[in-house]
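1. pasting the sequence and the predicted model now:
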Amino acid sequence: MRNRRGLLAQPEETGAARRPVLPALSVPTALALKVSAPKSPPGLSILRLSLSLPEPVPPAGVQCGDSVAVTTVREEECAVREYETTFIVQPEISDEGREAMLQKLDALIERQGAVRLGVDDVGKRKLAYEIQKFQKGHYYILQYLDRGPAVKELERTLRLEESVLRFLTVMVNEEVIDIEARKTAAAEEERLRKQRAAERAAREAEEERAREQAEREARAAASAAPFANAVDPDDVESDEESDEDEE
């Protein structure tokens, strides 16, 4: 039975002393269980249980801001990781629209305290399968350093963006030790990407001009072909006069 304080109580038997019987408890192995028997009123045997909790340790795989048991992992205790978010944009979107979307993502990364490393404009590629009636898509790869919060917010923004067909985020480095060195390397990588992109754009523009010139020449030759085999009336009259003179 229970007394007014809700403690476990058993009637005390007369005669030989009897050890109190503990109830069945499910106690984790990590907990320290202490049992004490304070002085009890006549006729009652009171057991008092106290649990000593160990120091909580965040389990592996948690991110900053996640509540874990009785503790919260602070941001400064999380390792800085490197992420790559690849997203595909509708091919018909204008250059101004793509630039505005990239600026929006950069501002989001900055607000979340992450470090933007760079963005790789892969260009238009044929999709593996049709998405929203599109056969091609414009690919981008966004690289950044983050402790966790920016990833969820970035994916939420891409999910709400109508011009984005698909996106995927992967972690390429579990822990970046020297952040400044990685930023320097990323700046050099982005400079080389821009240089290659400018060269590719110039080459594609030259090929486009050459193709247009070849098409104009082909159209001019096709339009001039019917007149090449035509007989000039003056030539016919000259031939007839020559025949009369011979007679």
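-> Here it is on my side, so go on.

2. quick check: longest strand of this protein.
-> Taking DSSP state E as the criterion, the chain has its longest strand at strand 115-131.

3. go ahead and produce PDB holding the CA coordinates of that one.
-> Output of strand 115-131 as PDB, limited to C-alpha atoms (Å, rounded to 0.1, in the frame of the first residue of the first chain):
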ATOM      1  CA  VAL A 115      30.600  30.400 -45.700                       C
ATOM      2  CA  ARG A 116      30.000  30.400 -49.400                       C
ATOM      3  CA  LEU A 117      32.900  28.800 -51.400                       C
ATOM      4  CA  GLY A 118      31.600  29.200 -54.900                       C
ATOM      5  CA  VAL A 119      29.100  28.100 -57.500                       C
ATOM      6  CA  ASP A 120      29.900  26.100 -60.600                       C
ATOM      7  CA  ASP A 121      27.700  26.900 -63.600                       C
ATOM      8  CA  VAL A 122      27.700  23.500 -65.400                       C
ATOM      9  CA  GLY A 123      25.400  24.700 -68.200                       C
ATOM     10  CA  LYS A 124      22.500  23.000 -70.000                       C
ATOM     11  CA  ARG A 125      22.500  19.200 -70.000                       C
ATOM     12  CA  LYS A 126      20.100  16.600 -71.200                       C
ATOM     13  CA  LEU A 127      18.100  15.100 -68.400                       C
ATOM     14  CA  ALA A 128      18.100  11.400 -67.700                       C
ATOM     15  CA  TYR A 129      14.300  11.400 -67.800                       C
ATOM     16  CA  GLU A 130      11.700  14.000 -68.500                       C
ATOM     17  CA  ILE A 131      10.800  16.400 -65.600                       C
END
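
4. only the buried residues of the next helix-or-strand element following that strand, if you could.
-> Using DSSP states H and E, the next helix or strand after strand 115-131 towards the C-terminus is strand 134-146. With burial defined by 16 or more other Cβ atoms under 10 Å, the residues of strand 134-146 counted as buried are Lys136, Gly137, His138, Tyr139, Tyr140, Leu142, Gln143, Tyr144, Leu145, Asp146. Where you see a C-beta, it was placed from the backbone N, CA and C, and this is true even at glycine.

5. hmm, back to that, which elements pack onto the longest strand of the chain?
-> strand 81-89, helix 95-111, strand 134-146, strand 164-173, helix 179-228 (3 or more Cβ pairs under 8 Å, 6 or more residues apart in numbering; DSSP states H and E).

6. dump these to TSV, plus mean pLDDT.
-> Formatted as TSV, the entries for these read as follows, by pLDDT from 0 to 100:
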stretch	mean pLDDT
strand 81-89	95
helix 95-111	92
strand 134-146	94
strand 164-173	94
helix 179-228	86
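
7. tell me which of these lies nearest to Arg125.
-> The closest of the helices and strands packed on strand 115-131 to Arg125 is strand 134-146. By Cβ to Cβ, the value is 5.5 Å.

8. what angle do that closest one and helix 179-228 make?
-> Between the axis of strand 134-146 and that of helix 179-228 there is an angle of 160 degrees, by axes from the mean of the first three to the mean of the last three Cα atoms, to 10 degrees.

9. okay, the angle between strand 134-146 and strand 115-131?
-> Using the same axes, to 10 degrees, the interaxial angle of strand 134-146 with respect to strand 115-131 works out to 160 degrees.

10. and the angle for strand 134-146 with strand 164-173?
-> With the same axes, to 10 degrees as the criterion, the two stretches strand 134-146 and strand 164-173 enclose an angle of 30 degrees.

11. what residues sit buried inside the helix or strand just after strand 134-146?
-> Along the chain past strand 134-146, the next helix or strand (assigned with DSSP H and E) turns out to be helix 149-160. Applying a neighbour-count criterion of 16+ other Cβ under 10 Å, one finds Pro149, Ala150, Val151, Leu154, Leu158 buried in helix 149-160.
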